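sequence unknown, structure follows:
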């Protein structure tokens with residue numbers, strides 16, 4: 001079993017006429033926020049192969065680390081419910097509470113509705129150690145655990161974004177256009193970014209993937225993405241004749257992971273007003289702020305075609321309700 005089916009179709013590619021008119025270049029959005037159950041989002045691409053690996057190894061309990069507003073955790077709970085697997089979320093407060101309902105709204109609410117098993121740990125505790133402890137408890141109770149890599153960002157998970165790069169190429173061909181000059185993506189745990197770089201490189205397409213970091217500084221993010229890209233290309237037996245460029249902009253992380261920025265909130269409001277698309281303050285809002293900055297600094301010209309990868313997290317719009325006012 002190479003993949004389980006979590007996505008009901010390839011994600012749509014949509015032209016954004018109003019945003020394009022406002023900013024200059026031809027801007028498209030790849031709708032990885034849609035598709036699948038449990039609220040959608042980009043982790044479903046990653047989980048199709050990761051969960052297949054767990055099933056092949058006859059594991060029945062999936063364990064993941066996250067926070068109460070984690071897309072990765074919420075999407076894994078949804079996938080597990082579909083496939084009749086047990087899932088345990090090891091949680092800590094990676095994001096400071098933004099308002100009194102922060103840890104009960106959005107993804108936390110959806111996980112509660114799906115009756116997720118959540119193991120709360122201290123903020124100072126180590127995720128890997130705590131997941132290993134949970135895994136031992138699962139074994140003692142007769143289960144067979146499978147620990148999901150952080151953000152689903154390992155070789156198997158990243159192959160979902162090799163698939164995505166292939167989709168983008170074919171979707172542009174279907175409308176009579178060459179592949180876009182740029183794809184913009186939020187860069188966190190690195191698998192989405194690395195998979196896209198590898199996918200375009202594999203097809204000898206010169207599309208440049210531009211990551212906007214939401215977690216690490218530039219050097220760390222480029223190292224994480226670069227190492228994973230090298231692993232993907234090696235596993236696919238693709239020789240790196242010239243190393244793929246790994247580009248990360250870390251100007252929009254702000255005060256830290258999950259903490260809104262003024263630029264991110266302005267980007268969220270702009271895209272909602274012009275295109276009725278909803279971005280979140282953790283990932284996509286900051287990535288869109290990076291794209292807007294690149295255009296205004298003439299790094300991207302009106303002659304360019306740009307794809308913005310909407311990685312999802314729509315449920316994460318709601319916990320920050322008081323930040324948009």
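Arrived safely. In this text the structure is predicted, and so the values were computed from the model without any measurement.

Pull up the distance across stretch 19-27, start to finish.
Its first and final residues considered, stretch 19-27 spans 7 Å by CA to CA, to the nearest Å.

List the buried residues of the host helix or strand of residue 200.
In the assignment (DSSP states H and E), residue 200 maps to helix 191-202. Buried residues in helix 191-202, defined by neighbour count with 16 or more other CB atoms under 10 Å: 191-202. Heads up, the C-betas are built off the backbone N, CA and C, glycines and all.

And it, what does it pack against?
Using 3 or more CB pairs under 8 Å, 6 or more residues apart in numbering; DSSP states H and E, the elements in contact with helix 191-202 are helix 155-174, strand 182-187, strand 208-213, helix 218-235.

Compute the inter-axis angle for the longest one and helix 191-202.
Between helix 155-174 and helix 191-202, the angle formed by their directions is 60 degrees, by axes from the mean of the first three to the mean of the last three CA atoms, to 10 degrees.

what do you get for the last one?
Counting by the same axes, to 10 degrees, helix 218-235 points 50 degrees away from the direction of helix 191-202.

picking up where we left off before, closest one of the buried residues of helix 191-202 to residue 319?
Closest approach to residue 319 among the buried residues of helix 191-202 (CB to CB): residue 192, at 22.0 Å.

That closest one and residue 83, how far apart?
Distance check for residue 192 against residue 83: by CB to CB, to the nearest Å, it reads 22 Å.

quick one: low-confidence parts of this protein?
Across the chain, the ranges flagged by pLDDT under 70 are 1, 238-240.

which residues of this protein fall in helices?
Secondary structure of the chain by DSSP state H: the helices cover 17-23, 43-56, 71-83, 106-113, 127-140, 155-174, 191-202, 218-235, 262-275, 284-296.

So which bits of the fourth one are buried?
Meaning helix 106-113. For helix 106-113, burial by neighbour count (16+ other CB under 10 Å) applies to 106-111.

Return the member of the residues you listed nearest to residue 9.
residue 110 (21.6 Å).

can you tell me which residues contact the closest one?
By CB atoms under 8 Å, 6 or more residues apart in numbering, the contact set of residue 110 is 38-39, 74, 78, 315.

swap the cut-off to 7 Å and go again
Applying CB atoms under 7 Å, 6 or more residues apart in numbering, we find residue 110 in contact with 38-39, 74, 315.

and those residues as CSV, adding neighbour count and distance to residue 56?
Shown next, in CSV, are the contacts of residue 110 (neighbours: other CB atoms under 10 Å; distance: CB to CB, whole Å):
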residue, neighbour count, distance to residue 56
38, 24, 23
39, 22, 27
74, 30, 24
315, 22, 30
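
any idea which of those residues is closest to residue 23?
Nearest member of the contacts of residue 110 to residue 23, counting by CB to CB, is residue 315, at 27.1 Å.

measure that closest one to residue 50 for me?
Relative to residue 50, residue 315 is positioned 21 Å away (CB to CB).

cool, and residue 253?
Separation of residue 253 from residue 50 (CB to CB): 27 Å.

So between the two, which is more surrounded?
Using other CB atoms under 10 Å as the criterion, residue 253 and residue 50 rank with residue 50 on top: 26 against 20.

give the contact list for the more buried one.
Residues in contact with residue 50 (CB under 7 Å, 6+ apart) are 148, 152, 156-157.

If we use 6 Å, what do you get?
Residue 50 sits next to 152, 156-157 when contact means CB atoms under 6 Å, 6 or more residues apart in numbering.

Just the buried ones from the residues you listed?
Buried subset of the contacts of residue 50 (neighbour count, 16+ other CB under 10 Å): 152, 156-157.

If you tally nearby residues, what's the number for residue 298?
By other CB under 10 Å, 9 other residues sit near residue 298.

got it, and residue 304?
17.

for the one 4 residues further on, same thing?
If you count neighbours by other CB under 10 Å, residue 308 ends up with 26.

pretty sure it contacts residue 29?
Yes - with contact defined as CB atoms under 6 Å, residue 308 reaches residue 29; the gap is 5.0 Å.

Apart from its neighbours in sequence, what residue is nearest residue 167?
Spatial nearest neighbour of residue 167, excluding adjacent residues (CB to CB, 6 or more residues apart in numbering): residue 10 at 5.0 Å.

can you pull the contacts of residue 209?
Residue 209 neighbours (CB under 6 Å, 6+ apart): 183, 196-197.

repeat that with 10 Å
For residue 209, the contact set (CB atoms under 10 Å, 6 or more residues apart in numbering) comprises 161, 165, 182-185, 187, 192-201, 225, 229, 244-248, 307, 309.

that older thread, so which of the buried residues of helix 191-202 is the closest to residue 121?
Nearest to residue 121 among the buried residues of helix 191-202: residue 191, at 23.5 Å, using CB to CB.

surely residue 198 meets residue 192?
No - counting by CB atoms under 10 Å, residue 198 does not reach residue 192; the two are 11.1 Å apart.

what touches both of those two?
The contact sets of residue 198 and residue 192 overlap at 158, 161, 209 (CB under 10 Å, 6+ apart).

Tell me the one among the residues you listed nearest to residue 236.
Checking the shared contacts of residue 198 and residue 192 against residue 236 with CB to CB, the nearest one is residue 158 at 10.4 Å.
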